[in-house]
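> quick check, what structure comes out for this input:
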Amino acid sequence: MPLEKLPRGNWLLLTGILLAILGLAAILSPSIAGGAVVYVIGGFLVLTGVVQLLVGWRVDSFTSKLTNIVQGVIGIAAGIAVLAHPFYGLAALSIVLAVFFLIDGLWKIVNSFSYRPAAGWLAVLASGLIAVALSWMIWSQWPVSGLWAVGILVGVDLLATGLALVTLALTWKKAVQRVKDKAELIKDKIAEAKNRN
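Residues are numbered from 1 along each chain as shown. Below is the predicted model:
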């Protein structure tokens, strides 16, 4: 590939900046971000249910047809319920998050002791304790925690992803510039060698 056609990483940088901005916005207004997540999940449930219904109508086997139709109806009903009552959807998601953080935290705490005395075992232990603390915070404020937990965590994830993409794009830009500089240096040396001959 010619050097001029190397991707410059501008789209990657722009995507990273946009994700970081969205992440900050979600952290600053977690209830709006959490509500958006619930609407996306509700929409996916309805769409999945519709697809399963369509598949169920086309299947020949009665058992498969019945299974797909029942799953489709349940998916559509769950999606409509989430869309109709987003607060309950946020409350359910916050329970899932609390359970996830509890299991993840306990696993990290138990595992951290197997890394002793290697460097970094305290960081794993601290990460586990933070996850358990997050689980307790979400659980102790449930169902109100649904209003902030989902949005903040989505925001943190978007912000971290955005910053990672920005770092990757800047690293890519530096690498491309180095390659171009080396190529120019080689061209100059070749031109000097030709002039001498």
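
> show me the biggest helix of the chain in terms of residues.
Counting residues, the longest helix found in the chain (DSSP state H) is helix 146-196.

> does Val38 touch His85 like I think?
No: the criterion here is Cβ atoms under 8 Å, and Val38 misses it with His85 at 9.2 Å. C-beta here means a position set from N, CA and C on the backbone, and glycine is covered the same way.

> which of those two has more neighbours?
Set Val38 next to His85 and count neighbours by other Cβ atoms under 10 Å: Val38 wins out with 24 against 14.

> leaving aside the residues adjacent along the chain, what's closest to the more buried one?
Excluding the flanking residues, the one nearest Val38 by Cβ to Cβ, 6 or more residues apart in numbering is Gly89, at 4.0 Å.

> about what we covered before: who does the longest helix of the chain touch, helix- and strand-wise?
Contact analysis of helix 146-196 by 3 or more Cβ pairs under 8 Å, 6 or more residues apart in numbering; DSSP states H and E lists helix 10-28, helix 30-58, helix 86-114 as its packing neighbours.

> could these go into JSON lines alongside mean pLDDT and distance to Gly162?
Below are these laid out as JSON lines (pLDDT from 0 to 100; distance: least, Cβ to Cβ, whole Å):
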{"stretch": "helix 10-28", "mean pLDDT": "80", "distance to Gly162": "3"}
{"stretch": "helix 30-58", "mean pLDDT": "79", "distance to Gly162": "14"}
{"stretch": "helix 86-114", "mean pLDDT": "79", "distance to Gly162": "21"}
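
> same list (those) but as TSV, adding distance to Leu159.
TSV is the format used below for the helices and strands packed on helix 146-196 (distance: least, Cβ to Cβ, whole Å):
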stretch	distance to Leu159
helix 10-28	3
helix 30-58	11
helix 86-114	17
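
> those: which one's closest to Val150?
Closest of the helices and strands packed on helix 146-196 to Val150 is helix 30-58, at 3.7 Å (criterion: Cβ to Cβ).

> what's the angle between that closest one and helix 146-196?
90 degrees (axes from the mean of the first three to the mean of the last three Cα atoms, to 10 degrees).

> what element comes up after helix 30-58 heading to the C-terminus?
Once the chain leaves helix 30-58, the next helix or strand it forms, by DSSP states H and E, is helix 62-84.

> what mean pLDDT does that following helix have?
On average, the pLDDT along helix 62-84 is 80.

> got it, and stretch 136-150?
Mean predicted lDDT for stretch 136-150 stands at 75.

> and the longest helix of the chain, how far from the chain's centre?
Put simply, helix 146-196 sits 21 Å off its chain's centre (Cα atoms, centre = their mean, to the nearest Å).

> related to what we said a few turns ago, nearest to Trp121, of the helices and strands packed on helix 146-196?
helix 86-114 (5.1 Å).

> quick one: buried residues of that closest one?
Of all the residues in helix 86-114, those buried under the rule 16 or more other Cβ atoms under 10 Å are 86, 89-95, 97-98, 101-102, 104-105, 108-109, 112.
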